[in-house]
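**Student:** When you get a sec, could you give me coordinates for this:
(chains A and B)
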Amino acid sequence: RKEVEQDPGPFNVPEGATVAFNCTYSNSASQSFFWYRQDCRKEPKLLMSVYSSGNEDGRFTAQLNRASQYISLLIRDSKLSDSATYLCVVNKGGHNQGGKLIFGQGTELSVKP
Amino acid sequence: DGGITQSPKYLFRKEGQNVTLSCEQNLNHDAMYWYRQDPGQGLRLIYYSQIVNDFQKGDIAEGYSVSREKKESFPLTVTSAQKNPTAFYLCASRAITGTAVDTQYFGPGTRLTVL
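**Tutor:** Numbering: from 1, shown residues only, chains lettered A, B, ... in the order given. Predicted coordinates for the structure are as follows:
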């Protein structure tokens, strides 16, 4: 089983749609969770951290379920500019891991006019 | 401007040659990381360093070497022992504040092609 697994995608949605990405992680000791966005042939950039209580940033909402080891990202009112690959990222967890992060393989989103 | 720079952006290498990728940061971050990304795959950790003159192997260190002589710099050498070096190489850094794991910030990457 992969340490971080995401929906395989790609997701093709029309402008204005709501789209949800799911992610599961295997290490129950993980404490930090993130969603990164990666545009084609560019570096990943932090979209948002994910907190236990859930958090929202404009059109983006992230949720964490520690019991199920599950993370989600909801994008409302999709824009063309949201087209990218979304990476679910989890810290390695446990002691002496040096802040290592584990990256999911990414879910590609394509928003069409 | 504060940030992470990587050079070169594109690099072509002949088989059997070693090549060094540069990574510099002026964010005063303690920890630095090297990842490789292959098409359609997630990032995989090659090496990381939390302090000057110290570094640890990541998940795929074979065929690579690093040094951390200065806080700002963490160059990666891809040696001829690396069997499949063509990939997108990403450098990242983060502060260490002693609380929750801090965010990693990435440089723009170097795209290495072995001819």
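
**Student:** what residue ranges in the chain score low on pLDDT?
**Tutor:** Since no chain was named, I'll use chain A. Across chain A, the ranges flagged by pLDDT under 70 are A:93-98.

**Student:** Hmm, no, I was thinking of chain B.
**Tutor:** In chain B, residues with pLDDT under 70: B:1-2, B:98-101.

**Student:** Repeat the analysis, applying 90 as the threshold.
**Tutor:** For chain B, applying pLDDT under 90 flags the ranges B:1-2, B:15-16, B:39-42, B:80-83, B:95-104, B:115.

**Student:** Would you mind naming what in it lies close to chain A?
**Tutor:** Counting by Cβ under 8 Å from any Cβ of the partner chain, the residues of chain B close to chain A are B:31, B:33, B:35, B:40-45, B:48, B:50, B:56, B:58, B:88, B:90, B:94, B:96, B:100-109, B:111. (C-beta placed from N, C-alpha, C; glycine too.)

**Student:** at 10 Å instead, please
**Tutor:** Chain B comes close to chain A at residues B:4, B:6, B:30-31, B:33, B:35, B:37, B:40-45, B:48-50, B:55-56, B:58-59, B:88, B:90-92, B:94-96, B:99-109, B:111, as judged by Cβ under 10 Å from any Cβ of the partner chain.

**Student:** In PyMOL, select just the buried ones from those residues.
**Tutor:** With 16 or more other Cβ atoms under 10 Å in any protein chain shown as the criterion, this PyMOL line picks the buried residues out of the residues of chain B next to chain A:
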select buried, chain B and resi 4+6+30+31+33+35+37+42+43+44+45+48+49+50+55+58+88+90+91+92+94+101+102+103+104+105+106+107+108+109+111
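
**Student:** Among the residues of chain B next to chain A, which ones are in strands?
**Tutor:** With strands taken from DSSP state E, the overlap with the residues of chain B next to chain A comprises B:4, B:6, B:31, B:33, B:35, B:37, B:43-45, B:48-50, B:55-56, B:88, B:90-92, B:94, B:105-106, B:111.

**Student:** Sketch out the helices for chain A, chain order is fine.
**Tutor:** Remark: no helices are assigned in chain A by DSSP state H.

**Student:** Skipping adjacent residues, who's closest to A:T18 in space?
**Tutor:** A:R76 (5.0 Å; Cβ to Cβ, 6 or more residues apart in numbering or on different chains).

**Student:** Would you check that B:Q25 makes contact with B:C91?
**Tutor:** Yes - B:Q25 is within contact range of B:C91, at 8.0 Å (criterion: Cβ atoms under 10 Å).

**Student:** how far away is A:I102 from A:V4?
**Tutor:** Distance from A:I102 to A:V4, counting by Cβ to Cβ, to the nearest Å: 5 Å.

**Student:** Now for those two: what residues contact both?
**Tutor:** A:25-27, A:30, A:88-90, B:42 (Cβ atoms under 10 Å, 6 or more residues apart in numbering or on different chains).

**Student:** Now tabulate those residues in CSV and tack on distance to B:Y64.
**Tutor:** Formatted as CSV, those follow (distance: Cβ to Cβ, whole Å):
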residue, distance to B:Y64
A:Y25, 26
A:S26, 26
A:N27, 25
A:S30, 26
A:C88, 26
A:V89, 22
A:V90, 24
B:G42, 18
